[in-house]
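Chemist: no sequence for this one, just the structure:
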């Protein structure tokens, strides 16, 4: 009985935060055709399950498709038969699309960035071909806050991945319905559901700063268990009068001091 109650609480918490994200940021509208980027990781699997269920129960009415983009030139593999079965078992059409990228094409960008960018372009292609107007990605609250920390640290910008992003150039909207869901809950959900892990991990995943930033984020939460909520709130509480003004051209940059 105790196990059942823990599982029920987990599902209620995940579904409540998922629904809050969808409603708070206006992510789904009547008649939407949503393409889910199904990588095979726990986040995209959970996203597809939650969206598929919501499409059958709640209004506004919308439809869901799933696409798995495989990169021909890297050793990241997923069991596409399993992914197809997982999607179609929930009544969601599944599409497999193969792409590739040249890591030497832009040496200013990391292979991780180039791979991610080319996967995203492939999703735009699939979405356009199948008449979808939105692409749903599996980034959760931890991802968004870690990206905020990375952009502050390495880009000198107070920015991150928004829950909703209008891509006017592509006439497409990117949405992140898991934006208020905690990664720990998605890990627990994956164990509960028995989601399979990809056959091979990405060869570039340890070459990026994200793993290190996850540790920074963990330490912040050790110092303050409410740190994630403070950080999230800070993104909507910009007190411009209490920040340095932009320096004029005659002033030296801070890096020169």
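Modeler: Structure's in. What do you need? The structure presented is a predicted model; accordingly, all values stated were derived computationally and were not measured.
Chemist: Every contact and neighbour count from this point should use C-alpha atoms.
Modeler: Noted.
Chemist: Report how many residues lie close to the nearest residue in space to residue 151 that is not next to it in sequence.
Modeler: Of all residues not flanking residue 151 in the chain, residue 157 sits nearest, at 5.5 Å (C-alpha to C-alpha, 6 or more residues apart in numbering). When counting by other C-alpha atoms under 10 Å, one arrives at 12 neighbours for residue 157.
Chemist: Please report how far residue 157 lies from residue 67.
Modeler: 32 Å (C-alpha to C-alpha, to the nearest Å).
Chemist: now do residue 34
Modeler: 11 Å.
Chemist: how long is stretch 148-156 from one end to the other?
Modeler: End-to-end distance for stretch 148-156: 10 Å, by C-alpha to C-alpha.
Chemist: Contacts for it next, please.
Modeler: Here stretch 148-156 makes contact (C-alpha atoms under 8 Å, 6 or more residues apart in numbering) with 157-161, 209-210, 213.
Chemist: cool, stretch 14-29 as well?
Modeler: 50, 60-62, 163-164, 175-181, 185-186.
Chemist: try stretch 162-169
Modeler: For stretch 162-169, the external contacting residues (C-alpha under 8 Å, 6+ apart) are 21, 25-27, 144, 172-177, 179.
Chemist: Which one of those residues sits in the busiest neighbourhood?
Modeler: residue 177 (29 neighbours).
Chemist: Could I get the contacting residues of that residue?
Modeler: By C-alpha under 8 Å, 6+ apart, the neighbours of residue 177 are 18-19, 21-22, 27, 47, 136-140, 163.
Chemist: Find the least confident helix or strand in the chain, judged by mean pLDDT.
Modeler: Ranked by mean pLDDT, DSSP states H and E, the weakest helix or strand in the chain is helix 111-129, scoring a mean of 84.
Chemist: So which elements touch that helix?
Modeler: Other helices and strands packing on helix 111-129, by 3 or more C-alpha pairs under 8 Å, 6 or more residues apart in numbering; DSSP states H and E, are strand 62-71, strand 94-99, strand 134-136.
Chemist: following the last one, which helix or strand comes up?
Modeler: To tie it back to what came earlier, the one meant is strand 134-136. helix 141-150 (DSSP states H and E).
Chemist: now that next one, how far from the centre of its chain.
Modeler: 10 Å (C-alpha atoms, centre = their mean, to the nearest Å).
Chemist: Average pLDDT for that helix, rounded please.
Modeler: Helix 141-150 shows an average pLDDT of 97 in the prediction.
Chemist: Quick check: what element follows it along the chain?
Modeler: Next along from helix 141-150, by DSSP H and E: strand 164-167.
Chemist: In that next one, which residues are buried?
Modeler: residue 164 (16 or more other C-alpha atoms under 10 Å).
Chemist: what about it, average pLDDT?
Modeler: On average, strand 164-167 scores 96.
Chemist: what about it, distance to the chain center?
Modeler: Remark: strand 164-167 is offset 13 Å from the chain centroid, using C-alpha atoms, centre = their mean.
Chemist: Given it, what are its sheet partners and their directions?
Modeler: strand 172-175 (antiparallel) (DSSP bridges).
Chemist: which outside residues touch the partner strand?
Modeler: Residues from elsewhere that reach strand 172-175 (C-alpha under 8 Å, 6+ apart): 27, 124, 133-137, 163-167.
Chemist: a markdown table for those, including distance to residue 11?
Modeler: Output for the contacts of strand 172-175, formatted as a markdown table (distance: C-alpha to C-alpha, whole Å):
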| residue | distance to residue 11 |
| --- | --- |
| 27 | 21 |
| 124 | 31 |
| 133 | 29 |
| 134 | 25 |
| 135 | 24 |
| 136 | 20 |
| 137 | 20 |
| 163 | 21 |
| 164 | 24 |
| 165 | 27 |
| 166 | 30 |
| 167 | 32 |
